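Enquirer: Predicted model follows, preceded by the sequence.
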Amino acid sequence: MNEIKKLHKLFKYSFDYDMAYAYLQDNEVIGFLGLADYRKRPVVLDKEVFLEMMGGLAGKVSYKTISAALGKLNVTDPQDICIDYVTTSPEHRSKGIGTEIISFVRDNLAYKHIKLEVFSKNPRAKAFYEREGFRVIKVKRDLMMSLQGFGNRIVMRLDVAVT
């Protein structure tokens with residue numbers, strides 16, 4: 001099985017569609033955002049699927065690495081939501097899609113704060129979130145992520161004017 005088919009199978013049943021939003025253009029998904037609240041995340045990984053698809057050791061290591069990257073829920077307050085991930089297709093980047101998706105969340109969902117984490121080795125993403133009004137509230141040191149080249153986790157927050 002090729003790598004794309006493996007990834008598809010690994011994540012196909014992992015999404016909670018109540019917590020995910022897609023940006024469509026001409027019936028094509030060009031942007032995607034997943035949210036976590038104080039109860040659940042948009043992705044729930046199944047260790048058994050990783051073991052089946054990748055074998056014993058590789059499956060365990062991959063599951064552990066991706067689970068570590070996802071980390072624990074960052075939201076404890078029912079008035080807060082966390083952007084778990086936001087992405088756009090490569091050919092549509094820097095065209096305002098990410099801004100529109102975040103604006104949708106900010107303007108249509110009734111939360112007091114929107115939180116997210118970005119890796120310190122991703123200054124472009126950090127600058128994007130700062131332009132959207134997010135500010136740094138905490139830096140989490142993470143040895144595993146640093147050793148893998150991602151750097152530390154920067155926790156950011158956007159305060160939303162709830163009406």
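Expert: Okay, I see it.
Enquirer: With just CA atoms, put the strand or helix carrying residue 62 into PDB.
Expert: When secondary structure is defined by DSSP states H and E, residue 62 falls within helix 56-70. As requested, C-alpha coordinates have been extracted for helix 56-70 and formatted as PDB (Å, rounded to 0.1, in the frame of the first residue of the first chain):
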ATOM      1  CA  GLY A  56       4.600  -3.300  15.500                       C
ATOM      2  CA  LEU A  57       7.600  -0.900  16.200                       C
ATOM      3  CA  ALA A  58       6.900   1.600  13.400                       C
ATOM      4  CA  GLY A  59       3.200   1.700  14.300                       C
ATOM      5  CA  LYS A  60       4.000   2.300  18.000                       C
ATOM      6  CA  VAL A  61       6.500   5.000  17.300                       C
ATOM      7  CA  SER A  62       4.300   6.800  14.800                       C
ATOM      8  CA  TYR A  63       1.300   6.600  17.100                       C
ATOM      9  CA  LYS A  64       3.300   8.000  20.000                       C
ATOM     10  CA  THR A  65       4.900  10.800  18.000                       C
ATOM     11  CA  ILE A  66       1.600  11.900  16.500                       C
ATOM     12  CA  SER A  67      -0.200  11.600  19.800                       C
ATOM     13  CA  ALA A  68       2.600  13.700  21.400                       C
ATOM     14  CA  ALA A  69       2.200  16.300  18.700                       C
ATOM     15  CA  LEU A  70      -1.500  16.500  19.300                       C
END
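Enquirer: Just after that helix, pick out the following helix or strand.
Expert: Taking DSSP H and E as the definition, the helix or strand that follows helix 56-70 towards the C-terminus is strand 80-88.
Enquirer: chain center to that following strand, what's the gap?
Expert: Computed by Cα atoms, centre = their mean, to the nearest Å, the chain-centroid distance of strand 80-88 equals 5 Å.
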